[in-house]
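Colleague: pasting a predicted model and its sequence here:
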Amino acid sequence: MKAKTFLELVTLSANLYTLSKDTQLMEKLKDFTEDGKDKINEFIKEKSYDEDGNEIEFVDKLVLKMIQAKEELEHKIGEVVADFYEKVNITHTDKIKELEEKISQLSKDLALAEARINHLENKG
């Protein structure tokens, strides 16, 4: 097995483990299931209208709710992954790029300083 694939599998399993241990998420899922029946009934009875004043069909309302739930889940997963990276001290790609840019700038500054020193040595 290639090292990259192995590392990806380890990272994925660690992320899944972290998600499963996130008690706040588990409590929220428990609350959703407890309140689920009432909310579903309320959702079905609720009348929603589009911008033209036409009633939105149940399937369309369901699709809108699924899109909203997907966005919320993606946001939560992003937060959990960021927390996980911070806990295990894994450097994020953005941070690596930032450090590479700093190294590049420092290399340029060093080259300019060396050129100045050489210029001053040649004068003296």
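Modeller: That came through, no problem.
Colleague: distance of the most centrally placed residue in the chain from Leu99?
Modeller: Centroid-nearest residue in the chain: Gly78, 2.5 Å away (criterion: C-alpha atoms, centre = their mean). Distance, Gly78 to Leu99, using C-beta to C-beta, to the nearest Å: 22 Å. Glycine gets a C-beta too; all of them are placed from N, C-alpha and C.
Colleague: got it, and Ser107?
Modeller: 13 Å.
Colleague: could I have the helix or strand that contains Gly36 exported to PDB, CA atoms only?
Modeller: Here Gly36 sits within helix 23-45, counting by DSSP states H and E. Below are the C-alpha coordinates for helix 23-45, written out as PDB (Å, rounded to 0.1, in the frame of the first residue of the first chain):
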ATOM      1  CA  THR A  23     -20.700  14.200  22.400                       C
ATOM      2  CA  GLN A  24     -22.200  17.600  21.400                       C
ATOM      3  CA  LEU A  25     -23.000  16.200  18.000                       C
ATOM      4  CA  MET A  26     -24.400  13.000  19.400                       C
ATOM      5  CA  GLU A  27     -26.600  14.900  21.800                       C
ATOM      6  CA  LYS A  28     -27.900  17.100  19.000                       C
ATOM      7  CA  LEU A  29     -28.700  14.000  17.000                       C
ATOM      8  CA  LYS A  30     -30.500  12.500  20.000                       C
ATOM      9  CA  ASP A  31     -32.500  15.700  20.300                       C
ATOM     10  CA  PHE A  32     -33.400  15.600  16.600                       C
ATOM     11  CA  THR A  33     -34.700  12.100  16.900                       C
ATOM     12  CA  GLU A  34     -36.800  12.900  20.000                       C
ATOM     13  CA  ASP A  35     -38.300  16.000  18.400                       C
ATOM     14  CA  GLY A  36     -38.400  14.500  15.000                       C
ATOM     15  CA  LYS A  37     -41.900  13.100  14.900                       C
ATOM     16  CA  ASP A  38     -43.500  16.400  16.000                       C
ATOM     17  CA  LYS A  39     -41.300  18.400  13.600                       C
ATOM     18  CA  ILE A  40     -42.100  16.200  10.700                       C
ATOM     19  CA  ASN A  41     -45.800  16.500  11.300                       C
ATOM     20  CA  GLU A  42     -45.500  20.300  11.700                       C
ATOM     21  CA  PHE A  43     -43.400  20.500   8.600                       C
ATOM     22  CA  ILE A  44     -46.000  18.500   6.500                       C
ATOM     23  CA  LYS A  45     -48.900  20.700   7.800                       C
END
